[in-house]
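Chemist: Need coordinates for the following:
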Amino acid sequence: MPFVWRVKMDFAAVMAVLALSLSALSFYRSYIYTKHQLDVTVTEVSYVTNEGSLYMTVAFTNAGNRDAALLRVEPALWGRREKTPEWIPLVVKVHPDIPVTAPNMPSVVKAGGVELVRLSAALDPRRAEEALVASQGGAFVGIRVATMNSDGNLYLLQHPVARLVIDRQGRIHGAEPAIHRSLSGFVDLAGAPPGDQLQSNKKTPFVWADEHS
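Modeler: Residues are numbered from 1 along each chain as shown. Modelled structure (predicted):
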């Protein structure tokens, strides 16, 4: 057999093996291998203090190969309903036509996809000032996120996202970030103030609040 024909046949055999290997790898990744990874990143927190309007934007990045379900995403205030401090959901709309959570929950973040969730809630500045954590010199707003992975496991994530700075007169003076990292959407986390202690970086959200006049 001429040499050139042997080379062509060997090359064809190698390509066939590679094609089979890629096909097997694709089948494994699609139907057998499971990767659950949902990253939660707060990108912006704005509190129009004198209007009592709190706004947040949260990005959900699904780096896994299975869809993820967002069951509930809501803003919250660290305070007391009884004796023990807890994250209290903020559910009052800033306007009748503006939902607290957009898009509406529940929602799905496709594998490899990104979902931006916008939160808008009414928060009377006097209520926030009454929620002062004296040892931290401020009140804390955060997020509460309930998720489910493709195996049907449920998770609840709670974490501070901003500290409302309160001056000596007991009024809101401004705001500072209380988070500097992405969080896993597939863990149970009941984070309390003051939040994480990392330095500002590319995961630190823009945080703003005007002074309470």
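Chemist: Can you give the domain ranges for the protein?
Modeler: The chain breaks down by automatic domain parsing into domains covering 1-33, 38-209.
Chemist: which residues does residue 209 contact?
Modeler: Counting by C-beta atoms under 8 Å, 6 or more residues apart in numbering, residue 209 makes contact with 46-47, 49, 162, 164-165, 172, 174-175. C-betas here are computed from N, CA, C, even on glycine.
Chemist: Which members of those residues are the farthest-apart pair?
Modeler: Farthest pair in the contacts of residue 209 (C-beta to C-beta) is 46 and 165. Separation: 14.7 Å.
Chemist: tell me the most buried of the domains of the chain?
Modeler: Of all these, domain 38-209 carries the top mean neighbour count, a mean of 17, counting by mean count of other C-beta atoms under 10 Å.
Chemist: Regarding it, how distant is the last residue from the first?
Modeler: 29 Å (C-alpha to C-alpha, to the nearest Å).
Chemist: from now on call the first residue 513
Modeler: Got it, first residue is 513 now, which makes that one domain 550-721.
Chemist: How far off centre is it?
Modeler: 8 Å (C-alpha atoms, centre = their mean, to the nearest Å).
Chemist: Let's test this: mean pLDDT of that domain, rounded?
Modeler: The average pLDDT for domain 550-721 rounds to 97.
Chemist: which element is the most centrally placed residue in the chain on?
Modeler: The centroid of the chain falls nearest to residue 552 when counting by C-alpha atoms, centre = their mean (2.8 Å). Using DSSP states H and E, residue 552 sits within strand 550-560.
Chemist: same thing with residue 639?
Modeler: Assigned by DSSP H and E, residue 639 falls in helix 637-642.
Chemist: and the next element down the chain from that helix?
Modeler: strand 650-660.
Chemist: now the strands for the chain?
Modeler: Along the chain, the stretches classed as strands by DSSP state E are 550-560, 565-574, 580-592, 597-601, 613-614, 619-621, 626-634, 650-660, 666-678, 684-689, 695-696, 701-702, 718-721.
Chemist: Any chance of these in JSON lines with distance to residue 710 as columns?
Modeler: Below are the strands of the chain laid out as JSON lines (distance: least, C-beta to C-beta, whole Å):
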{"stretch": "strand 550-560", "distance to residue 710": "13"}
{"stretch": "strand 565-574", "distance to residue 710": "18"}
{"stretch": "strand 580-592", "distance to residue 710": "19"}
{"stretch": "strand 597-601", "distance to residue 710": "21"}
{"stretch": "strand 613-614", "distance to residue 710": "27"}
{"stretch": "strand 619-621", "distance to residue 710": "25"}
{"stretch": "strand 626-634", "distance to residue 710": "23"}
{"stretch": "strand 650-660", "distance to residue 710": "16"}
{"stretch": "strand 666-678", "distance to residue 710": "13"}
{"stretch": "strand 684-689", "distance to residue 710": "10"}
{"stretch": "strand 695-696", "distance to residue 710": "12"}
{"stretch": "strand 701-702", "distance to residue 710": "16"}
{"stretch": "strand 718-721", "distance to residue 710": "14"}
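Chemist: who wins for proximity to residue 708 among the ones you listed?
Modeler: The nearest among the strands of the chain, by C-beta to C-beta, is strand 666-678 at 8.3 Å.
Chemist: Could you spell out the sheet neighbours of the closest one, each with its direction?
Modeler: Using DSSP bridges, the strands paired with strand 666-678 are strand 650-660 (antiparallel), strand 684-689 (antiparallel), strand 701-702 (parallel).
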